[in-house]
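Colleague: After the sequence you'll find the predicted model.
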Amino acid sequence: MARSPNLRWLRGVDGDESGGLLKPLLFVIAAGAIVAASYFIWKNVQVEDEVVTLPDFASIKDIKERKKAFFDFLMPFVVEANEEIVEQRQEILKLKEIFEKKSKLSSRRTERVRDLAIEYGFEDVGSVTSQVFLDLLSRLDAVPPSIALSQAALESAWGTSRFAQEGNNLYGMRCYTPGCGIIPRERRAGETYEVAKYASPRDSFSAYLKNLNTNMAYVSMRGIRRALRRQEIPLTGYDLAEGLERYSEEGYDYVRKLQILISSNELGKYDEDQWKSLKQLN
């Protein structure tokens with residue numbers, strides 16, 4: 001099915017926390033196929049429990065090679081994080097099925113639903129209802145690789161920015177407790193935010209993904225994702241970028257920068273592999 005040609009009408013539509021039938025597609029990432037087809041693991045990446053260090057991308061003088069190294073470095077994080085979300089999504093879909101059959105859940109299962117709801121930014125849900133599952137599934141979903149790669153490239157200057165090198169911050173994430181991060185040199189008088197510091201680039205990516213899936217500023221992005229799901233249209237970073245106007249003070253100019261970056265670097269190929277895996281296993 002062809003991609004919807006214009007999703008700008010969905011920006012600002014709160015299709016995320018409202019009701020509606022969400023077809024339970026399982027967003028499964030075939031990590032092995034993606035690895036074999038599209039990237040090699042950068043020498044400093046260790047995706048298990050060991051500390052991952054950020055390479056010195058500035059030392060790679062060839063621009064094409066630097067970009068390739070940057071994408072290869074990030075892709076394991078994308079695959080790993082999306083796989084974790086898929087597992088949680090499958091769990092919620094299973095609990096939703098049980099609830100629809102029995103109109104209730106055991107106390108243990110109810111507690112699990114509540115825990116996930118809190119983890120994904122909702123207040124204590126109290127009684128579990130069908131709406132709780134729909135709301136949770138709106139947030140508990142994977143992010144197309146192209147949007148994660150393009151935002152990292154734009155926000156961290158391809159991994160060479162001060163915040164990336166000193167704080168492992170690849171996405172310009174802010175924090176608001178004194179001493180929580182790095183004070184920007186260009187911060188205006190009266191502002192108190194800092195740019196967050198992370199123990200590793202992986203931690204930066206995890207925080208970014210949770211931010212996209214929980215922050216009310218990105219309701220539009222999640223609404224676009226839900227709309228594409230319902231129509232069984234492939235999820236792409238190019239489309240989801242339409243809902244990220246509030247990620248930057250640049251507004252829609254920021255959206256266009258992301259879309260140009262995705263197109264010029266042919267990042268859509270990562271999304272295509274992901275969607276093929278989904279369709280094959282559906």
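Modeller: Cool, got the structure. Computed from a prediction, not measured in an experiment: that's the story for all the values here. Numbering: from 1, shown residues only.
Colleague: So which residues of this protein form helices?
Modeller: Remark: helices assigned in the chain by DSSP state H are 31-38, 63-102, 107-119, 130-139, 145-156, 162-167, 201-214, 219-231, 237-240, 252-264, 268-281.
Colleague: Of all those, which one comes closest to Glu194?
Modeller: helix 162-167 (9.3 Å; Cβ to Cβ). (C-beta placed from N, C-alpha, C; glycine too.)
Colleague: Centre of the chain to that closest one, how far?
Modeller: Centre-to-centre, helix 162-167 and its host chain are 21 Å apart (Cα atoms, centre = their mean, to the nearest Å).
Colleague: mean confidence score for that helix?
Modeller: Mean pLDDT, computed over helix 162-167, is 94.
Colleague: so where's this protein shaky on pLDDT?
Modeller: 1-51, 275-282 (pLDDT under 70).
Colleague: can you pull the contacts of the residue located most distally from the centre of it?
Modeller: The C-alpha centroid of the chain is most remote from Lys102, which lies 33.2 Å away (Cα atoms, centre = their mean). Residues near Lys102 by Cβ atoms under 8 Å, 6 or more residues apart in numbering: none.
Colleague: For Gly181, give me its contacts.
Modeller: By Cβ under 8 Å, 6+ apart, the contact list for Gly181 reads 167, 169, 174-175, 194-197.
Colleague: Just the buried ones from these?
Modeller: Among those, those buried by neighbour count (16 or more other Cβ atoms under 10 Å) are 167, 169, 175, 194-197.
Colleague: In a markdown table, list the residues you listed along with distance to Val125.
Modeller: Below are these laid out as a markdown table (distance: Cβ to Cβ, whole Å):
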| residue | distance to Val125 |
| --- | --- |
| Gly167 | 34 |
| Asn169 | 32 |
| Cys175 | 27 |
| Glu194 | 32 |
| Val195 | 33 |
| Ala196 | 28 |
| Lys197 | 33 |
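Colleague: Could you let me know which of those residues ends up closest to Lys68?
Modeller: Closest to Lys68 out of these is Asn169 (22.0 Å), distances taken as Cβ to Cβ.
Colleague: Neighbours of the closest residue to that closest one other than its chain neighbours, how many?
Modeller: Nearest residue to Asn169, sequence neighbours excluded (Cβ to Cβ, 6 or more residues apart in numbering): Phe163, at 4.4 Å. For Phe163, the neighbour count with other Cβ atoms under 10 Å is 24.
Colleague: Would you enumerate the residues in contact with Phe163?
Modeller: Phe163 is in contact with 156, 169, 172, 182, 195, counting by Cβ under 8 Å, 6+ apart.
Colleague: Which members of the residues you listed are the farthest-apart pair?
Modeller: Ser156 and Ile182 (12.8 Å).
Colleague: Settle it for me: which of the two has more neighbours?
Modeller: Shown here are Ser156 and Ile182; by other Cβ under 10 Å, Ser156 has more neighbours (25 against 15).
Colleague: what's near enough to touch the more buried one?
Modeller: 163-164, 169-172.
Colleague: Can you give me the buried ones in stretch 246-259?
Modeller: Buried positions in stretch 246-259, judged by neighbour count with 16+ other Cβ under 10 Å: 246-248, 254-255, 257-259.
Colleague: returning to that earlier point: quickly list what's touching both of Ser156 and Ile182.
Modeller: In contact with both Ser156 and Ile182: 163, 169, using Cβ under 8 Å, 6+ apart.
Colleague: Quick one: neighbours of Thr214, just the number.
Modeller: Count around Thr214 with other Cβ under 10 Å applied: 16.
Colleague: so what's it closest to, chain neighbours aside?
Modeller: Per Cβ to Cβ, 6+ apart, closest to Thr214 is Gly121, 3.4 Å.
Colleague: you'd agree the one you found is up against Asn211?
Modeller: No - shown here, Gly121 and Asn211 do not form a contact pair, counting by Cβ atoms under 8 Å, at 9.6 Å.
Colleague: now the residue farthest from the centre of the chain: how far from Gln131?
Modeller: Lys102 sits 17 Å away from Gln131, going by Cβ to Cβ, to the nearest Å.
Colleague: Repeat that for Lys96.
Modeller: Distance from Lys96 to Gln131, by Cβ to Cβ: 11 Å.
Colleague: more crowded one of these two?
Modeller: Under the neighbour definition other Cβ under 10 Å, Lys96 and Gln131 were set side by side, and Lys96 has more, 21 against 13.
Colleague: and the gap between the more buried one and Phe133?
Modeller: From Lys96 across to Phe133, the span is 4 Å (Cβ to Cβ).
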